[in-house]
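> Any chance you can model this:
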Amino acid sequence: MDSKAHTDFGVSKAVYRPMTSADIATAHEMSLAVSWPHRPEDWELALITGTGFVAELNGSVIGTAICWKHGPERASLGLVIVSDAYQGRGIGRKLMQMMLEELGSRVTFLHATPAGQPLYETLGFDVCGMLNQHQGRVTTTIAVKLPVGLELREAQTEDFDRLNAMATRATGLEREGMLRELFRVAHAVVLERDGAIMGFSVFRRFGRGYVVGPVIASESVDDIYAKALIGFWLEGRENEYIRVDVPDGSSLDDWLNAQGLPCVDSTVKMVRNASANTHRDSPDPDLRWYGLISQAMF
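Numbering: from 1, shown residues only. Below is the predicted model:
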């Protein structure tokens, strides 16, 4: 594809090209305009780990989109924004088509807003799940009492291979490149029993405050392992703004609500190039995915 070629698709003389770091400032302004909380640093992490495209008109960026390759068989996409003045003219569709061409036959996931879902359906995406977005200022933290023999500790460099393997099993996505970049800007804690890692969680700056994710943990009664891994980051952070994006199917929602992190939005998870039914459940019967890196990066 000639990235410099002009097209009459949507807006006459619009140019569609790869996104570069020089576009981050404008992308940040566009995300603020649609009330998304992303900081320039959040856009930078997204672009470093993914492949971005922009729509440009008369030298000004009017649309953005980024996709991520999670190995040779899986992918995700997001951060699809079109400036308000140019919506409804096919720009979002063209950006989506560019990403899908980049991703090829990979099984591809996204989380859809109500406004975006009809477009995604016409491009072959089907609903395969839900996501609950919890965020707010922590009020009263709920202590989590761990079973005897379990302890939380800071993650070490030598833990990386095991954490990467757990994340890949729990999500069905190859995570190595993503996790290496994430750990460069974040902190992680592991849940351990007799030297065996039962789960881990990651904490970093994001948007209005902080985000906890990914959260990966072995199955446990009342999801106590996941609660301990999230609760570690909430303790002592009363009145700080924290976000956790929780896939459906866990018991975390009421527990998070009680600590000042209400569910402020729910979005549908969609998949392309695979049957939705095959992706409704966890890909691993023993490990669960309790918190996402972000709705776009998964």
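> Other residues contacting stretch 66-79?
19, 27, 31, 38, 43, 46-47, 49-53, 64-65, 96, 99, 102-103, 106-111, 171-175, 178, 294-298 (CB atoms under 8 Å, 6 or more residues apart in numbering). C-betas here are computed from N, CA, C, even on glycine.
> repeat that with 7 Å
Contact with stretch 66-79 is made by 19, 46-47, 49-52, 64-65, 99, 102-103, 106-111, 172-175, 295-298, as judged by CB atoms under 7 Å, 6 or more residues apart in numbering.
> Any idea how far apart the tips of it sit?
6 Å (CA to CA, to the nearest Å).
> pLDDT of it, averaged?
Regarding stretch 66-79, the rounded mean pLDDT is 98.
> likewise stretch 286-298?
Stretch 286-298 carries an average pLDDT of 96.
> and if you look at stretch 24-34?
Computed over stretch 24-34, the mean pLDDT rounds to 97.
> now swap in stretch 143-156 and tell me
For stretch 143-156, mean pLDDT is 96.
> Name all residues that make contact with the residue nearest to residue 245 when sequence neighbours are not counted.
Excluding the flanking residues, the one nearest residue 245 by CB to CB, 6 or more residues apart in numbering is residue 292, at 4.3 Å. Neighbouring residues of residue 292 by CB under 7 Å, 6+ apart: 213-214, 245, 298.
> next one: residue 192
Residues near residue 192 by CB under 7 Å, 6+ apart: 151, 153, 198.
> Mind checking which of these are buried?
Buried members of those, scored by 16 or more other CB atoms under 10 Å, are residue 198.
> what helix or strand is residue 230 on?
Per DSSP states H and E: residue 230 is located in helix 224-234.
> Would you pull up how far that helix lies from the middle of the chain?
Relative to the chain's own centre, helix 224-234 is displaced by 19 Å; criterion: CA atoms, centre = their mean, to the nearest Å.
> just the strands in the stretch 51-200 of the chain please.
For the stretch 51-200 of the chain, the strands defined by DSSP state E, counting those that start in this stretch occupy 51-57, 60-69, 74-82, 107-112, 126-137, 150-154, 187-193, 196-206.
> Buried residues in the fifth one, which are they?
So that's strand 126-137. Across strand 126-137, burial judged by 16+ other CB under 10 Å covers 126, 128-129, 131-136.
> Please apply the same query to the last one.
The neighbour-count criterion (16+ other CB under 10 Å) identifies 197-204, 206 as the buried residues of strand 196-206.
> How about the first one?
Neighbour-count burial for strand 51-57, counted by 16+ other CB under 10 Å, picks out 51-57.
> re earlier: quickly note the distance from the residue nearest to residue 245 to residue 46.
Per CB to CB, to the nearest Å, residue 292 is found 13 Å from residue 46.
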